[in-house]
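Asks: no sequence on this one, just coordinates:
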């Protein structure tokens, strides 16, 4: 089973029509072009303390088009409401690349044959088949754990080296340049 056995793009004919509309819009005006489709279905579950759970299924489909014009890259993405949106995304990517003419060193790609592919995430269990009760139980557990008071900063381990004072640097958030940090307390 894959995560994409449903929807408009589950059918290669529909996907091909959309991709061809995008690529046809820039045919003969670019050195390189690629178009990527994404179709997403999400089940969002919201749990707020003291309120009933809220679950929503959201679906969207979109396209991203990348082009190379006179050695400059252009990219555009947009949601797809109809077939014209694919061509509009490609035209916008073309305009972006053209606007960069003369800025920076031009990119030169080696010749390559055209390629096409498909990717779908393999899944062991269909997440949409999990019962609402099981999802809500999991979310409630996370909410309880996130709401627990925490000791901060965490206890510092004693050093095992002789002569050490047993102190260590204050932990930092990843990418932080400050010398200390404190987690935010959130309420839902």
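Replies: That came through fine. In this text, all values refer to a predicted model and were calculated from it rather than measured experimentally.
Asks: next, residue 84: phi, psi?
Replies: Phi and psi for residue 84, reported as degrees, to the nearest 10, are phi -60, psi -30.
Asks: list the contacts of it.
Replies: With contact set as CB atoms under 8 Å, 6 or more residues apart in numbering, residue 84 has these partners: residue 21. C-beta coordinates here come from the backbone N, C-alpha and C atoms, glycine included.
Asks: buried ones in the lowest-mean-pLDDT helix or strand in the chain, by neighbour count?
Replies: Of the helices and strands making up the chain, the lowest-confidence element is helix 132-147, at a mean of 83, by mean pLDDT, DSSP states H and E. Neighbour counts over helix 132-147 (16 or more other CB atoms under 10 Å) mark residue 135 as buried.
Asks: what is it packed up against?
Replies: strand 32-46 (3 or more CB pairs under 8 Å, 6 or more residues apart in numbering; DSSP states H and E).
Asks: which strands border the strand it packs on, and is each parallel or antiparallel?
Replies: strand 54-69 (antiparallel) (DSSP bridges).
Asks: which residues does whichever helix or strand comes after the partner strand contact?
Replies: Using DSSP states H and E, the helix or strand that follows strand 54-69 towards the C-terminus is strand 72-79. Contacts with strand 72-79, where a contact means CB under 8 Å, 6+ apart, come from 60-68, 85, 88-90, 92-101, 103-104, 106-107.
Asks: would you mind checking these for buried ones?
Replies: 61-68, 85, 88-90, 92-94, 96-97.
Asks: shaky segments in this protein?
Replies: 1-11, 49, 157-188 (pLDDT under 70).
Asks: one more time with 50
Replies: Along the chain, the model assigns pLDDT under 50 to residues 1-4, 161-188.
Asks: for the residue nearest to residue 21 when sequence neighbours are not counted, helix, strand, or coil?
Replies: Excluding its sequence neighbours, the residue lying closest to residue 21 (CB to CB, 6 or more residues apart in numbering) is residue 86, at 4.1 Å. Of the three states, residue 86 takes helix according to DSSP: H, G, I helix; E, B strand; the rest coil.
Asks: tally up the residues packed near residue 86, please.
Replies: Counted with other CB atoms under 10 Å, the neighbours of residue 86 add up to 25.
Asks: that concludes my questions; thank you for your assistance.
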